[in-house]
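**Student:** My questions are about this predicted structure, shown below with the sequence.
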Amino acid sequence: MAPAVPINEGGLSSRYNPTENEFAKVKLSFLGKDMIKENKTTTIAEENKTRCELKNTKGIVVDQDRIERFQAIFQGEVMQSADFGYEKARRIWNANIDKHPGIIARCGSVADVIAAVNFARESELLVAVRGGGHNVSGRAVCDDGIVIDLSGMKGIQVDAKDRTARVQGGATLGDVDRETHVFGLAVPSGIISKTGIAGLALGGGVGWLVRKYGLTCDNVLSFDIVTADGKPRVASANENEDLFWALRGGGGNFGVVTSFNFRAHPVNTVLGGLIIYPRDRAVEVLRFYRDFTQLAPEELTAYAALLHTPEGIPAVAVVACYCGDLAEGEKVLKSLKSFSSPIADMIQPVPFPQMQTLLDGAFPDGNYNYWKSSFLREFTDDAIVALVERANRATSPLTGVVIEYYGGAASRIGMSETAFAQREAQYSIIFLAQWTNPGESQLHIGWARASADSIHPFSSGAYYLNYLGEEGEDTIKAAFGPNYDRLMAIKKKYDPKNFFCMNQNIKPQV
Ligand SMILES: Cc1cc2nc3c(=O)[nH]c(=O)nc-3n(C[C@H](O)[C@H](O)[C@H](O)COP(=O)(O)OP(=O)(O)OC[C@H]3O[C@@H](n4cnc5c(N)ncnc54)[C@H](O)[C@@H]3O)c2cc1C
């Protein structure tokens with residue numbers, strides 16, 4: 001249990017000392033339960049509002065006969081715009097993305113994925129592949145073409161003896177954590193439970209276990225994939241090795257991954273949670289955070305965030321997760337807990353799946369989101385001042401600035417050993433604009449862009465693929481770094497016509 005912490009600073013509250021049972025309740029209320037927009041139930045009127053036809057990439061409407069032949073061999077669910085369920089199925093986490101696919105093919109099996117890929121190729125359709133639908137840039141959906149939707153494929157099989165987990169391509173991080181935790185195991189992934197494991201793993205995958213056990217993609221033993229020619233293939237260290245290399249960081253460029261075989265690690269209860277300070281101490285807290293993370297053991301991963309309390313009070317928080325021996329963790333975290341007086345200290349032993357949902361409340365479905373991110377060259381005092389200044393100018397109380405720290409196991413793998421190139425990167429900065437009124441979009445997007453410009457002098461010029469929005473080709477190339485040329489050659493081999501182009505796109509080598 002967390003020690004009592006005096007918290008009269010800033011007049012926010014008197015004392016805070018949550019019991020273990022209170023933990024879940026508290027984390028939600030702190031992270032803005034009141035500000036969370038409830039998921040709207042789709043009405044029949046809304047269902048009927050949208051009418052759009054399936055068109056190929058030349059803009060020609062696809063014959064209904066052809067669609068019916070596809071439906072006859074497809075065992076999952078096929079939705080067109082007039083069908084009930086279409087409106088809900090076309091929406092993704094980010095309300096800023098409003099696309100109308102001609103058809104949504106919700107697959108139930110590998111045979112369905114093959115049928116959908118063949119139908120799309122033969123009909124010359126624009127193709128989007130949907131895993132968890134969490135990508136901020138909305139690559140899981142497209143206009144007019146087909147969405148190959150994996151959200152019906154969430155099967156997970158854990159082999160406790162071998163410490164592996166076979167996971168289908170539509171599972172979320174929460175699905176994976178739930179099943180692996182039964183066996184006292186965990187697959188390193190991200191920090192929000194509704195994120196799709198597929199998109200996250202294909203682009204890298206950074207979370208609470210990154211420093212101890214590496215990126216999600218570093219823990220993939222094999223991929224089952226359907227490539228653009230409609231063939232099912234395996235990519236592993238012994239089979240299709242070039243594809244195996246490319247899939248570990250190359251994003252959704254090479255095919256539809258129907259399942260992953262992951263290495264899992266013994267992680268059960270961790271020492272984790274938030275520690276929160278008033279915003280007027282942000283510079284001091286971020287300096288401490290920087291120095292603290294530099295010396296921290298690999299069992300500890302800690303992020304910092306400039307955010308607001310549900311009452312709209314600006315604050316600064318450090319979120320920490322220690323995945324080793326708990327008594328040792330208490331010693332490691334002692335200086336963080338005592339260097340200054342926090343508003344609240346919620347760090348305590350929690351089951352790992354609970355740690356994995358700690359921040360879920362801050363990222364509800366259906367809000368408008370726009371992100372800018374980059375890695376820092378050096379986390380200097382000047383960079384800290386610039387970050388705090390931008391956070392203080394945030395245009396929405398739902399908006400935040402997050403600083404993530406990697407290193408550890410992720411940085412011990414060579415830059416060219418996998419497609420994920422950002423092995424030397426340490427501090428990652430993300431400006432997360434979030435709002436509920438679409439009429440204010442330009443204001444909040446403007447804040448994120450100006451914030452990215454202000455941090456530009458401190459940036460290393462490198463980017464994390466999974467955090468990119470609608471960026472230009474130069475930014476995508478910078479995210480892949482020196483691995484881009486090899487990725488282009490592998491793209492040419494497996495997808496010469498760029499059939500899979502709704503992603504942070506790698507152009508096939510000419
Ligand atoms: C709130 C939030 C929190 C996040 N936190 C983290 C984090 O802690 N760590 C981290 O590393 N990242 C994080 N991310 C980023 C996340 O990793 C990416 O957005 C990722 O693309 C999401 O994967 P998805 O399957 O949900 O996305 P989708 O939007 O479904 O897809 C994203 C991309 O992956 C492709 N894709 C999806 N499934 C498949 C498949 N089965 N086969 C082939 N291609 C596929 C899609 O075509 C698309 O190009 C977060 C994102 C959000 C919105």
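**Tutor:** In hand now; what should we look at? Bear in mind that the values here come from a model prediction, so they are computed numbers and not experimental data. Residues are numbered from 1 along each chain as shown.
**Student:** Please point out which parts of the strand or helix carrying Gly273 sit buried.
**Tutor:** According to DSSP states H and E, Gly273 maps onto strand 269-278. Within strand 269-278, the residues scored as buried using 16 or more other CB atoms under 10 Å are 270-278. Bear in mind the C-beta positions are built from the backbone N, C-alpha and C, glycine included.
**Student:** List of residues touching the very next helix or strand once past it?
**Tutor:** With elements assigned by DSSP H and E, the helix or strand that comes after strand 269-278 is helix 282-295. By CB atoms under 8 Å, 6 or more residues apart in numbering, the residues outside helix 282-295 that reach it are 277, 300, 302, 304, 306, 316, 318, 335-336, 339-340, 379, 381, 384-385, 387-388, 391, 403, 405, 427.
**Student:** Can you name every helix or strand that the strand holding Gly273 contacts?
**Tutor:** helix 20-30, strand 314-322, helix 326-338, strand 344-345, strand 348-351, helix 352-355 (3 or more CB pairs under 8 Å, 6 or more residues apart in numbering; DSSP states H and E).
**Student:** Reformat the ones you listed into JSON lines and put distance to the ligand and mean neighbour count next to each item.
**Tutor:** Formatted as JSON lines, the entries for the helices and strands packed on strand 269-278 read as follows, by distance: least, CB to the nearest ligand atom, whole Å; neighbours: other CB atoms under 10 Å:
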{"stretch": "helix 20-30", "distance to the ligand": "15", "mean neighbour count": "15"}
{"stretch": "strand 314-322", "distance to the ligand": "11", "mean neighbour count": "25"}
{"stretch": "helix 326-338", "distance to the ligand": "20", "mean neighbour count": "15"}
{"stretch": "strand 344-345", "distance to the ligand": "22", "mean neighbour count": "24"}
{"stretch": "strand 348-351", "distance to the ligand": "17", "mean neighbour count": "18"}
{"stretch": "helix 352-355", "distance to the ligand": "12", "mean neighbour count": "22"}
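**Student:** Flag every residue of the stretch 351-500 of the chain that's near the ligand.
**Tutor:** Residues of the stretch 351-500 of the chain lying near the ligand by CB under 6 Å from any ligand atom: 363, 466.
**Student:** Can you show me the strands along the stretch 351-500 of the chain?
**Tutor:** Remark: strands assigned in the stretch 351-500 of the chain by DSSP state E, counting those that start in this stretch are 368-375, 400-405, 427-435.
**Student:** partners of the longest one in the sheet?
**Tutor:** In this case it means strand 427-435. Neighbouring strands of strand 427-435 in its sheet, by DSSP bridges, are strand 368-375 (antiparallel), strand 400-405 (antiparallel).
**Student:** Stretch 420-436: end-to-end distance?
**Tutor:** For stretch 420-436, the separation between the terminal residues is 34 Å (CA to CA, to the nearest Å).
**Student:** before we move on, back to that, would you turn the strands of the stretch 351-500 of the chain into JSON lines with mean pLDDT?
**Tutor:** Below are those laid out as JSON lines (pLDDT from 0 to 100):
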{"stretch": "strand 368-375", "mean pLDDT": "97"}
{"stretch": "strand 400-405", "mean pLDDT": "97"}
{"stretch": "strand 427-435", "mean pLDDT": "98"}
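**Student:** Rebuild those as TSV, extending it with mean neighbour count.
**Tutor:** Shown next, in TSV, are the strands of the stretch 351-500 of the chain (neighbours: other CB atoms under 10 Å):
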stretch	mean neighbour count
strand 368-375	22
strand 400-405	23
strand 427-435	24
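**Student:** As CSV, those strands with distance to Lys58 would be great.
**Tutor:** Output for the strands of the stretch 351-500 of the chain, formatted as CSV (distance: least, CB to CB, whole Å):
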stretch, distance to Lys58
strand 368-375, 32
strand 400-405, 42
strand 427-435, 36
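**Student:** Which of these sits closest to Ala452?
**Tutor:** strand 368-375 (3.7 Å; CB to CB).
**Student:** Touching the closest one from outside, list them.
**Tutor:** By CB under 8 Å, 6+ apart, strand 368-375 touches 93-96, 136, 422, 425-438, 441, 444-445, 448-449, 451-452, 455-456, 459-464, 467-469.
**Student:** on that earlier part again, export the strands paired with strand 427-435 to CSV and tack on distance to Leu202?
**Tutor:** Putting the strands paired with strand 427-435 into CSV (distance: least, CB to CB, whole Å) gives the following:
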stretch, distance to Leu202
strand 368-375, 18
strand 400-405, 19
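**Student:** Quick one, which of the ones you listed gets closest to Leu359.
**Tutor:** Per CB to CB, nearest to Leu359 of the strands paired with strand 427-435: strand 400-405, 9.6 Å.
**Student:** Figure out how far the closest one is from the centre of its chain.
**Tutor:** Remark: strand 400-405 is offset 14 Å from the chain centroid, using CA atoms, centre = their mean, to the nearest Å.
**Student:** now swap in stretch 200-208 and tell me
**Tutor:** Worked out by CA atoms, centre = their mean, stretch 200-208 lies 7 Å from the chain centre.
**Student:** Stretch 407-426 now?
**Tutor:** That offset, for stretch 407-426, works out to 18 Å (CA atoms, centre = their mean).
**Student:** do stretch 353-370 as well
**Tutor:** 10 Å.
**Student:** pretty sure Gly273 is touching Tyr322, no?
**Tutor:** No. The pair Gly273 / Tyr322 is not scored as a contact, 10.3 Å apart, by CB atoms under 8 Å.
**Student:** The nearest residue to Leu336 once chain neighbours are set aside: how many residues sit nearby?
**Tutor:** Excluding its sequence neighbours, the residue lying closest to Leu336 (CB to CB, 6 or more residues apart in numbering) is Phe292, at 5.8 Å. For Phe292, the neighbour count with other CB atoms under 10 Å is 20.
**Student:** In the stretch 351-500 of the chain, where is pLDDT below threshold?
**Tutor:** Along the stretch 351-500 of the chain, no part satisfies pLDDT under 70.
**Student:** Remind me which helix or strand Ala116 belongs to.
**Tutor:** Taking DSSP H and E as the definition, one finds Ala116 inside helix 110-122.
**Student:** Ser416: neighbour count?
**Tutor:** Neighbour tally, Ser416, other CB under 10 Å: 13.
**Student:** Now it. Its backbone dihedrals?
**Tutor:** Backbone torsions of Ser416, given as degrees, to the nearest 10, read phi -100, psi 10.
**Student:** Spit out the contact partners of it.
**Tutor:** Ser416 makes contact with 482-483, 486, according to CB under 8 Å, 6+ apart.
**Student:** Could you identify the buried members of those?
**Tutor:** 483, 486.
**Student:** ok, of the contacts of Ser416, which one's closest to Thr418?
**Tutor:** If you rank the contacts of Ser416 by distance to Thr418 using CB to CB, Asn483 comes first, at 8.3 Å.
**Student:** Apart from its chain neighbours, what residue comes closest to the closest one?
**Tutor:** Asn483's closest residue in space is Ala421 (CB to CB, 6+ apart), at 4.8 Å.
**Student:** cool, Ala237 as well?
**Tutor:** Excluding the flanking residues, the one nearest Ala237 by CB to CB, 6+ apart is Phe244, at 6.4 Å.
**Student:** State the distance from the one you found to the ligand.
**Tutor:** 14 Å (CB to the nearest ligand atom, to the nearest Å).
**Student:** do the same with Ile73
**Tutor:** Separation of Ile73 from the ligand (CB to the nearest ligand atom): 21 Å.
**Student:** check which helix or strand covers Val141.
**Tutor:** Short version: Val141 belongs to no helix or strand, going by DSSP H and E.
**Student:** and the closest residue to it other than its chain neighbours, what are its phi and psi?
**Tutor:** The shortest distance from Val141 to any non-neighbouring residue, by CB to CB, 6+ apart, is to Lys99 (4.3 Å). Dihedral pair for Lys99: phi -110, psi 150, per degrees, to the nearest 10.
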